[in-house]
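Asker: Need coordinates for the following:
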Amino acid sequence: MFTFIKNFVPGYKKQPVSFQHIKQNKQASSLAVMLPGRGYTVQGPLFHYSTGVFLNKGFDVLHVNYDYNTVQSESMTLEEEIKQITEDVNAVLDYILKNQPYENYTLIGKSLGTIALSSIIDQKAFMDAKVIWLTPLLQLDYVLDKMISSTQKGLCIIGDEDPCFVPERYEKLNIKENMQTLLIPGTEHSLNYVERPIDSIDVLKKVIAKISSF
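Answerer: Residues are numbered from 1 along each chain as shown. Next up, the predicted model:
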């Protein structure tokens with residue numbers, strides 16, 4: 001039903017960046033680009049079920065599987081980290097879009113992936129993209145400024161027990177006309193309740209339904 005293409009390209013400092021390109025059997029005009037967090041991969045439920053949603057809507061899906069769980073990555077400055085993720089994501093996008101440009105894009109980033117979102121949303125190809133910010137790093141001016149200045153239709157989802165949740169910064173997004181927001185009380189950075197796994201499944205259903213309708 002789908003074709004799964006796994007490959008890698010040279011990214012920051014020529015280090016390999018792996019990706020998975022899931023393609024419809026028929027030529028698709030839309031692509032969903034998924035940018036995971038440092039410890040939250042595309043195998044996490046938010047990305048796993050979102051992938052299914054987009055495939056069922058006729059999208060191709062691109063998973064950018066950068067891996068920054070290394071001592072070297074953890075010792076980087078913010079500026080170095082932004083440079084690394086920007087170069088890695090752009091290397092994958094350049095490779096994919098060179099061979100097959102799309103008409104429509106949806107960009108999805110979680111946590112660290114929202115730094116990647118911030119670095120690519122000004123590109124001409126993505127000016128009309130829909131942008132989904134999952135648990136964005138609101139404490140970082142770089143991310144918040146890009147979210148506020150973005151002209152694309154956006155969706156921001158975060159929990160109020162998330163260390164990255166900053167009420168006054170979230171409120172700036174809440175009043176932004178082209179930004180939909182969903183605040184889930186009591187949930188942390190994985191959009192889960194720490195000691196309520198059954199209720200966490202209900203949150204997952206709510207988030208995936210919101211992404212689907214968006």
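
Asker: And the next helix or strand past the helix or strand of the chain with the lowest mean pLDDT?
Answerer: When each helix and strand of the chain is scored by mean pLDDT, DSSP states H and E, helix 71-74 comes last, with a mean of 58. Next helix or strand after helix 71-74 toward the C-terminus (DSSP states H and E): helix 78-99.

Asker: Can you give the contact residues for that following helix?
Answerer: Helix 78-99 is touched from outside by 7, 9-12, 17, 19, 21, 31, 33, 35, 62, 64, 66, 68, 73, 76, 112, 115-116, 119-120, 125, 140, 142, with contacts defined as Cβ atoms under 8 Å, 6 or more residues apart in numbering. Placement of C-beta: from N, CA and C, glycine included.

Asker: Quick one: mean pLDDT for stretch 36-51?
Answerer: Average pLDDT, stretch 36-51: 90.

Asker: list the buried ones in that stretch?
Answerer: Using 16 or more other Cβ atoms under 10 Å as the test for burial, stretch 36-51 gives 36-38, 40-42, 44-47, 49-51.

Asker: and of these, the nearest to P101?
Answerer: T51 (21.1 Å; Cβ to Cβ).

Asker: quick one: the closest one is in a helix?
Answerer: Yes. Under DSSP: H, G, I helix; E, B strand; the rest coil, T51 falls within a helix.

Asker: Contact partners for the residue nearest to it when sequence neighbours are not counted?
Answerer: In space, and not counting its chain neighbours, T51 is closest to V61: 5.2 Å by Cβ to Cβ, 6 or more residues apart in numbering. V61 sits next to H21, I22, L31, A32, M34, T51, F54, L55 when contact means Cβ under 8 Å, 6+ apart.

Asker: Make sure I have this right: V61 is in a strand.
Answerer: Yes. Under three-state DSSP, V61 falls within a strand.

Asker: Among the contacts of V61, which ones are in helices?
Answerer: Applying DSSP state H to the contacts of V61, the entries found in helices are T51, F54, L55.

Asker: Need the residues you listed in CSV (columns: distance to Q84).
Answerer: Below are those laid out as CSV (distance: Cβ to Cβ, whole Å):
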residue, distance to Q84
T51, 25
F54, 26
L55, 29
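
Asker: which one of those residues is nearest Q180?
Answerer: Here the nearest of the ones in helices among the contacts of V61 to Q180, counting by Cβ to Cβ, is F54; it sits at 17.5 Å.

Asker: List the contacts of that closest one.
Answerer: Residues near F54 by Cβ under 8 Å, 6+ apart: A32, V61, T106.

Asker: quick one: it from K98, how far?
Answerer: 22 Å (Cβ to Cβ, to the nearest Å).

Asker: And L35, by the same measure?
Answerer: In terms of Cβ to Cβ, L35 sits 19 Å off from K98.

Asker: which two from the buried residues of stretch 36-51 end up farthest apart in space?
Answerer: R38 and Y49 (20.4 Å).

Asker: mind showing which ranges of this protein have poor pLDDT?
Answerer: The model of the chain has pLDDT under 70 over residues 69-74.

Asker: which residues in this structure form helices?
Answerer: 45-56, 71-74, 78-99, 113-120, 141-149, 167-174, 197-213.
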